[in-house]
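J.: Here's a sequence, model it:
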Amino acid sequence: MSGRGEWIAPGTVRFERTLPGPVERVWAYLTEPEKRALWLAGGTMELRVGGIVDLRFRHGDLSPIEAPTPERFAANEAGETMHGTVTACDPPRLLAFTWHEGEGRHSEVAFELEPVSVEVRLVVTHRRLGDDPAVLANVAGGWHTHLGILGDRLHDRVPEPFFEVFEEIEAWYRETLG
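T.: Predicted coordinates for the structure are as follows:
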């Protein structure tokens with residue numbers, strides 16, 4: 001499986017992708033709500049340290065291809081919102097924010113961009129995820145799938161439906177994590 005996440009420390013997964021540039025284009029897909037909604041989630045993001053992050057997830061809207069939502073995610077079919085706070089912002093090179101995990105727990109996700117000729121190296125690191133294998137597989141599978149959709153969008157390809165891809169990838173991470 002290409003592009004799989006690497007566990008670099010307990011509760012920390014890292015992904016690396018090479019995407020078509022320029023870096024400002026990739027930055028726009030991370031920060032502009034309309035573009036971010038095409039691969040991850042729309043919503044407010046104040047691009048300053050301490051700024052508000054409200055990501056509105058609508059996984060069924062990430063592909064124009066119709067597909068059913070798995071029963072375990074049906075309650076969130078109409079969408080869900082994740083709240084966080086920007087912890088680092090250095091346009092167009094670095095963006096990091098907290099990721100509310102529920103029950104008062106927050107992890108942190110960081111996006112690092114580096115121009116490499118006409119392409120952009122994107123590194124996504126999600127930290128403080130805890131040690132529950134089901135949560136780790138879910139998060140890794142989610143990022144793996146979302147980053148695949150981002151790659152499709154930046155390459156002007158139609159992405160497959162989120163859950164059709166996610167279910168297979170999450171199962172692979174679950175098996176790998178034991």
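J.: How about the secondary structure of the nearest residue to residue 11 once chain neighbours are set aside?
T.: Leaving out its chain neighbours, the residue that sits closest to residue 11 by Cβ to Cβ, 6 or more residues apart in numbering is residue 129, at 4.2 Å. Every C-beta, even on glycine, is put in place using the N, C-alpha and C of the backbone. Using DSSP: H, G, I helix; E, B strand; the rest coil, the three-state assignment for residue 129 comes out as coil.
J.: pLDDT score assigned to residue 129?
T.: On the pLDDT scale, residue 129 is placed at 94.
J.: How about residue 136?
T.: Residue 136 carries a pLDDT value of 94.
J.: before we move on, what about the one 5 residues further on?
T.: Residue-level confidence at residue 141 comes out at 97, pLDDT.
J.: now it: how far from residue 29?
T.: Residue 141 is 20 Å from residue 29, where distance means Cβ to Cβ, to the nearest Å.
J.: Who has more neighbours out of those two?
T.: Taking neighbours as other Cβ atoms under 10 Å, residue 141 and residue 29 compare with residue 141 leading, 22 against 19.
J.: which non-adjacent residue is nearest the more buried one?
T.: Sequence neighbours aside, residue 170 is the residue nearest to residue 141 in space, at 3.2 Å (criterion: Cβ to Cβ, 6+ apart).
J.: surely the one you found meets residue 136?
T.: No. Using Cβ atoms under 8 Å, residue 170 is not in contact with residue 136; the gap is 10.3 Å.
J.: okay, the two: which has more neighbours?
T.: residue 136 (23 against 20).
J.: All the strands of the chain, residue numbers only.
T.: For the chain, applying DSSP state E gives strands covering 6-9, 12-20, 52-57, 80-90, 94-102, 105-116, 119-127.
J.: Paired strands for the lowest-mean-pLDDT helix or strand in the chain, with orientation please.
T.: The weakest-scoring helix or strand in the chain, judged by mean pLDDT, DSSP states H and E, is strand 94-102 (a mean of 88). Paired neighbours of strand 94-102 in the sheet (DSSP bridges): strand 80-90 (antiparallel), strand 105-116 (antiparallel).
J.: now for those strands, which one comes closest to residue 124?
T.: Checking the strands paired with strand 94-102 against residue 124 by Cβ to Cβ gives strand 105-116 as the closest, at 5.6 Å.
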